[in-house]
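Enquirer: Got a predicted model here, sequence first, then my questions.
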Amino acid sequence: MSDQSMEQRIMEAVRFIEEEIPYSPEVGLILGSGLGVLADAMEDVTVIHYEEIPHFPVSTVEGHASELLVGTVRGKKTLLMKGRFHLYEGYDVTKVSFPVRVMKALGVRSLLVTNAAGGINASYEPGQLMLISDHINFMFRNPLIGRNENALGVRFPDMSEAYSAKLRALARQTAEGMGLQLQEGVYAGLLGPSYETPAEIRMLRTLGADAVGMSTVPEVIAARHAGIEVLGISCITNMAAGMLEQSLSHEEVMETANRVKERFLALVSAIIPQL
């Protein structure tokens, strides 16, 4: 770990990015496995590779590029992370959430996070989209552990509305206007990279989780600490272990994400201008 403060590292990254982009973004996007298709909807795009940005990690997982895109989506100035970072890649939780800190310093006020998730709720089907109403942190990691830098947020941030009720209502209304069904439920974030066992899935269902994945939670905690409003959408790419009599694979995740990409793209593209 560098001797620099978090704030100093953030500002080094921000200064580099600001020299590359023509304006400050208002909306931030973090895209999950196979969901990078949204990048195709952006206009006037500036592409920055993660390895060029000071203190940025790089993505090492199939389905995750390593590019930061700044452009417009239906006129809205947007910053898009095409590829995210995971704890299972070996990054610590502060590194995983670092890009969210950079977004805040660049001017981002609203964050849309997406992920590929396994369905735990028996009423769900692969290919459906789920609004995240809340999460359960079964990663047992928190990006706020350590000395708090007050310039970045308060020591004990409120998480009673981690996912904005206002933005969820906006998403539901938008989906309804498009004739698109949205599920809504609780996302359980686990460390990975192995998929969960059937016993673990039964436990999570008992505890109130509707979907499970290996991302999102650290970024959302950091975003709320920074005062950014969050909207989360999971693509249910498979049913979790034990829900069906079949094994799980990343290939299935990618195939399902590819199958639903047009619906996903239409919904998110309609939501972004309203954020």
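Expert: Structure's in. What do you need? All values derive from a computational prediction rather than experimental measurement.
Enquirer: The one helix or strand residue 174 maps to - contacts with which helices or strands?
Expert: Taking DSSP states H and E as the definition, residue 174 sits inside helix 165-177. When contacts are defined as 3 or more Cβ pairs under 8 Å, 6 or more residues apart in numbering; DSSP states H and E, helix 165-177 sits against strand 129-138, strand 182-190, strand 229-239, helix 261-271. Glycine gets a C-beta too; all of them are placed from N, C-alpha and C.
Enquirer: Out of those, which is closest to residue 26?
Expert: strand 229-239 (11.3 Å; Cβ to Cβ).
Enquirer: which helices and strands does the closest one pack with?
Expert: With contacts taken as 3+ Cβ pairs under 8 Å, 6+ apart, strand 229-239 sits against strand 110-119, strand 129-138, helix 165-177, strand 182-190, strand 211-213, helix 217-225, helix 250-259, helix 261-271.
Enquirer: what angle sits between that strand and strand 129-138?
Expert: Strand 229-239 and strand 129-138 are oriented at 100 degrees to each other (axes from the mean of the first three to the mean of the last three Cα atoms, to 10 degrees).
Enquirer: pLDDT of strand 229-239, averaged?
Expert: The pLDDT scores in strand 229-239 average 92.
Enquirer: swap in stretch 208-216?
Expert: 96.
Enquirer: Just the endpoints, please. Distance across that stretch?
Expert: Stretch 208-216 has an end-to-end distance of 18 Å (criterion: Cα to Cα, to the nearest Å).
Enquirer: re the thing from before, which of the helices and strands packed on helix 165-177 sits closest to residue 103?
Expert: Shortest distance between residue 103 and the helices and strands packed on helix 165-177, using Cβ to Cβ, is found for strand 229-239: 11.4 Å.
Enquirer: Residue 12 contacts residue 56, doesn't it?
Expert: No - Residue 12 lies out of contact with residue 56 (Cβ atoms under 8 Å); the separation is 10.3 Å.
Enquirer: Between those two, which has more neighbouring residues?
Expert: Between residue 12 and residue 56, counted using other Cβ atoms under 10 Å, the more crowded position is residue 56 (22 against 16).
Enquirer: Could you find the residue nearest the spatial middle of the chain?
Expert: Among the residues of the chain, the one closest to the centroid is residue 113, at 3.0 Å (Cα atoms, centre = their mean).
Enquirer: mind listing what residue 183 touches?
Expert: Residue 183 is in contact with 121, 123-124, 128-131, 210, 236, counting by Cβ atoms under 8 Å, 6 or more residues apart in numbering.
Enquirer: I misspoke; the intended subject was residue 209.
Expert: Residue 209 neighbours (Cβ under 8 Å, 6+ apart): 120, 136, 185-188.
Enquirer: Of the residues you listed - the most surrounded one?
Expert: That'd be residue 187 among those, by other Cβ under 10 Å, with 30 neighbours.
Enquirer: So, low pLDDT: which residues of the protein?
Expert: Applying pLDDT under 70 to the chain flags the ranges 1-3, 33-36, 61-64, 242-248, 252-253.
Enquirer: in stretch 194-208, what counts as buried?
Expert: 195-196, 200-202, 204-205 (16 or more other Cβ atoms under 10 Å).
Enquirer: so of these, which ones are in helices?
Expert: Counting by DSSP state H, the buried residues of stretch 194-208 place 200-202, 204-205 in helices.
Enquirer: Report the distance from the helix holding residue 174 to the chain centre.
Expert: Between the centre of helix 165-177 and the centre of its chain there are 18 Å (Cα atoms, centre = their mean, to the nearest Å).
Enquirer: what does that helix rub up against?
Expert: Helix 165-177 has contacts (Cβ under 8 Å, 6+ apart) with 110, 129, 131, 133, 181-182, 184, 229-231, 233, 267, 270-271, 274-275.
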